[in-house]
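Peer 1: Fold the following, please.
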Amino acid sequence: MKIGVIKEPSYENRVAITPDVIDPLKKLGFTIAIETTAGDSAFFSDQDYKDAGASVESRDSILSGSDIVVSIHALDEASAKKIGKDKLYIATLSPLAFPKKVKEIATSSFKIFSMDTIPRITRAQSMDVLSSQATVSGYKAVLLAASNYSRFFPMLTTAAGTITPARVLILGAGVAGLQAIATSRRLGAVVDVFDTRPEVKEQCMSLGAKFVEVEGAADASNTGGYAVEQSEDYQRRQKEAIAKYAEKADIIITTALIPGRKAPVLITKEMVDKMRQGSVIVDLAAVNGGNCELTENDKTIVYKGITIIGNSNLQSTQPMDASKMYAKNIVNFLKLFVNKEKQFNINLEDEIINACMIAENGSIRHKPTLALLGE
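Peer 2: Residues are numbered from 1 along each chain as shown. All right, here's what the predicted structure looks like:
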């Protein structure tokens, strides 16, 4: 079977398959073709792919001639129509955030799999693109904050006196939040972290952060690591607690997202008004409205001397490693389809495959997406 890799839109530097996974894919029985210059922005040349054993072809050739088409972002409607009947398309489609976009490409008769709907179970960890890419964004968020911050991160003792360390407040202790904690601590900052899930307290403290507790949170143990909506009373007490820490924070990094919902506003305009000039907010939930009331997606604004960065695609700014991680997730996902005899089979009794199959035969089958579309 032939796997075709598509070049991403101009705003994306990553690529879905990297040269280092070509050999593992060939051992599974696949041949691989990559669109011309698809890896350039991630620093993988066409020659790198040829040397690894892949062919380099035109976009039309890949779309029409591949059994499996792979990308990161969703294809445009015109490109989607070129994929053959009964073929497979694998990408990260964010169906709960962009259900109408998914419906557009689902009108064709190929089978659509979305990598961000992989269930967060132990067996699926090696193919969890949300976790792998959140590792990148959590790390880069801290570096971005440091480069925009008006002072040092660590405590420094100099001939001119002692400089106190930066205080970092991290909202959300998922994969991105934990990586942000670790990176902030490496840079010497004092870190406070807030999460509605008490079970992550130990992880945060093991990384050297102080965990801010607000009692009475709704149980999120069955949501696959995502946040859940909280009661009005809890939200009030939550904001009061966050406000105290936000006022003394130099850096705030927000990561809280609820699938299919607008991001919860955790940092209000009133909280920002009380922050010191020169402080920085990096909002990783910007694409869903942002955790900060003043966030603008894909923009950096300065409000009363405070820099607010709305960027939900920091993965693209570290394209080489981010692409390698994504590619390994794809390889591990494709292993589910290949048996010991290297025969390809779509086994919908496998809970991972079943959860990721968004559409087939021109119709959406993913129930949460159908609910959002009102169908």
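Peer 1: Show me how this structure divides into domains.
Peer 2: Taking automatic domain parsing as the criterion, the chain consists of the domains 2-127+319-373, 134-312.
Peer 1: can you give me how far the helix or strand where residue 32 lies is from the chain middle?
Peer 2: Element membership for residue 32 (DSSP states H and E) is strand 31-35. Here the centre of strand 31-35 is set off from its chain's centre by 25 Å, with C-alpha atoms, centre = their mean, to the nearest Å.
Peer 1: follow-up on the earlier one: lowest-confidence stretch among the domains of the chain?
Peer 2: Note on these: domain 134-312 shows the lowest mean pLDDT, a mean of 90.
Peer 1: most remote residue from this protein's center?
Peer 2: In the chain, the greatest distance from the average C-alpha position (C-alpha atoms, centre = their mean) is reached by residue 159, at 43.3 Å.
Peer 1: one step back: and the next helix or strand after the strand holding residue 32, what's buried?
Peer 2: On the C-terminal side of strand 31-35, the closest following helix or strand by DSSP H and E is helix 46-52. Using 16 or more other C-beta atoms under 10 Å as the burial criterion, the residues of helix 46-52 that qualify are 46, 48, 49, 52. For the C-beta atoms, the positions are set from N, CA and C on the backbone; glycine is no exception.
Peer 1: Show me what the strand holding residue 32 is in contact with.
Peer 2: The list of residues contacting strand 31-35 from outside it, by C-beta atoms under 8 Å, 6 or more residues apart in numbering, reads 1-7, 15, 17, 22, 25-26, 46, 49, 53-59, 61-62, 65-66.
Peer 1: sorry, back to before: got TSV for the buried residues of helix 46-52, with distance to residue 127 too?
Peer 2: Compiled in TSV, the buried residues of helix 46-52 are given as follows (distance: C-beta to C-beta, whole Å):
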residue	distance to residue 127
46	27
48	24
49	22
52	21
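Peer 1: Could you identify the most distant pair in the residues you listed?
Peer 2: 46 and 52 (10.9 Å; C-beta to C-beta).
Peer 1: overlap in contacts of those two?
Peer 2: Residues touching both residue 46 and residue 52 (C-beta under 8 Å, 6+ apart): none.
Peer 1: So which residues of the stretch 1-150 of the chain form strands?
Peer 2: 2-5, 31-35, 55-57, 68-70, 88-91, 111-114 (DSSP state E, counting those that start in this stretch).
Peer 1: Deepest-packed of these, please.
Peer 2: The highest average neighbour count among the strands of the stretch 1-150 of the chain, using mean count of other C-beta atoms under 10 Å, belongs to strand 68-70 at a mean of 26.
Peer 1: What helices and strands are in contact with it?
Peer 2: strand 2-5, strand 88-91 (3 or more C-beta pairs under 8 Å, 6 or more residues apart in numbering; DSSP states H and E).
Peer 1: list the contacts for residue 128?
Peer 2: Here residue 128 is in contact with 118, 120, 329 (C-beta under 8 Å, 6+ apart).
Peer 1: on that earlier part again, got a markdown table for the helices and strands packed on strand 68-70, with distance to residue 337 too?
Peer 2: Below are the helices and strands packed on strand 68-70 laid out as a markdown table (distance: least, C-beta to C-beta, whole Å):
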| stretch | distance to residue 337 |
| --- | --- |
| strand 2-5 | 11 |
| strand 88-91 | 9 |
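Peer 1: Which of those strands sits closest to residue 143?
Peer 2: Among those, strand 88-91 comes nearest to residue 143, with 27.4 Å by C-beta to C-beta.
Peer 1: Describe which strands that closest one pairs with in its sheet and in which direction.
Peer 2: Strand pairing for strand 88-91, determined by DSSP bridges: strand 68-70 (parallel), strand 111-114 (parallel).
Peer 1: wait, which of those is closest to residue 39?
Peer 2: So among the strands paired with strand 88-91, strand 68-70 is nearest, using C-beta to C-beta, at 12.7 Å.
Peer 1: what does that closest one rub up against?
Peer 2: Under C-beta under 8 Å, 6+ apart, the answer for strand 68-70 is 1-6, 16-17, 30, 62-63, 75, 83, 87-91, 330, 334.
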